[in-house]
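A.B. asks: Sequence first, then the predicted structure:
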Amino acid sequence: MAEPSADPLAVLHRLQTQLRLLTPVLTVAPDTPEVAAMLAGLADTTAAAAALLTAVEPDTLAVLRRALDCARAQQHNETASELVTAHGRVSVLLRGYGLRSRAVE
């Protein structure tokens, strides 16, 4: 089980970066050890973000879980599609956090 991050924004940024990097690599070379390692890292980060996403954006968590399920089933096109969707959702969530944190200042 993954350790929860003390900084929720840090885990979301890590998730966004992993999604941004993993999608093109998966598209070009889906059956490589590097992709398997990147997917394992994404699974760990998803677990670390699960409580936060459950509270603020459960649909994003569902998309991430579908992506990981598709990856385990070696459905590469579906995995890539879900990863793109997840990246967009996490990006919107991070922009929302930025606006809220500036409004509080």
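C.D. replies: Received it, and whenever you're ready, just let me know what you need.
A.B. asks: would you list every one of the strands in this structure?
C.D. replies: Using DSSP state E, the chain contains no strands.
A.B. asks: So what's the residue count around Val28?
C.D. replies: Neighbour count of Val28, defined by other CB atoms under 10 Å: 9. Bear in mind the C-beta positions are built from the backbone N, C-alpha and C, glycine included.
A.B. asks: now it: how far from Leu22?
C.D. replies: According to CB to CB, to the nearest Å, Val28 and Leu22 sit 11 Å apart.
A.B. asks: Asp44 too?
C.D. replies: Taken as CB to CB, the span from Asp44 to Leu22 is 13 Å.
A.B. asks: For the two, indicate the residue with more neighbours.
C.D. replies: Higher neighbour count among Asp44 and Leu22: Leu22, with 23 against 15, using other CB under 10 Å.
A.B. asks: now that one, nearest residue through space, not along the chain?
C.D. replies: Met38 (4.9 Å; CB to CB, 6 or more residues apart in numbering).
A.B. asks: again with Thr23
C.D. replies: Using CB to CB, 6+ apart, the closest residue to Thr23 is Leu83 (4.6 Å).
A.B. asks: That neighbour reaches Val25, doesn't it?
C.D. replies: No. With contact defined as CB atoms under 8 Å, Leu83 does not reach Val25; the gap is 10.2 Å.
A.B. asks: confidence score at the one residue sitting closest to the centre of the chain?
C.D. replies: Closest residue to the average C-alpha location of the chain: Leu15 at 4.3 Å, with CA atoms, centre = their mean. pLDDT for Leu15: 97.
A.B. asks: pretty sure it is touching Thr45, no?
C.D. replies: Yes. Counting by CB under 8 Å, Leu15 touches Thr45, with 5.1 Å between them.
A.B. asks: ok, Leu83 and Val25, which is more surrounded?
C.D. replies: A count of neighbours by other CB under 10 Å puts Leu83 above the other of Leu83 and Val25, at 27 against 15.
A.B. asks: What residues does Thr79 make contact with?
C.D. replies: Neighbouring residues of Thr79 by CB atoms under 8 Å, 6 or more residues apart in numbering: 26, 30, 67, 70-71.
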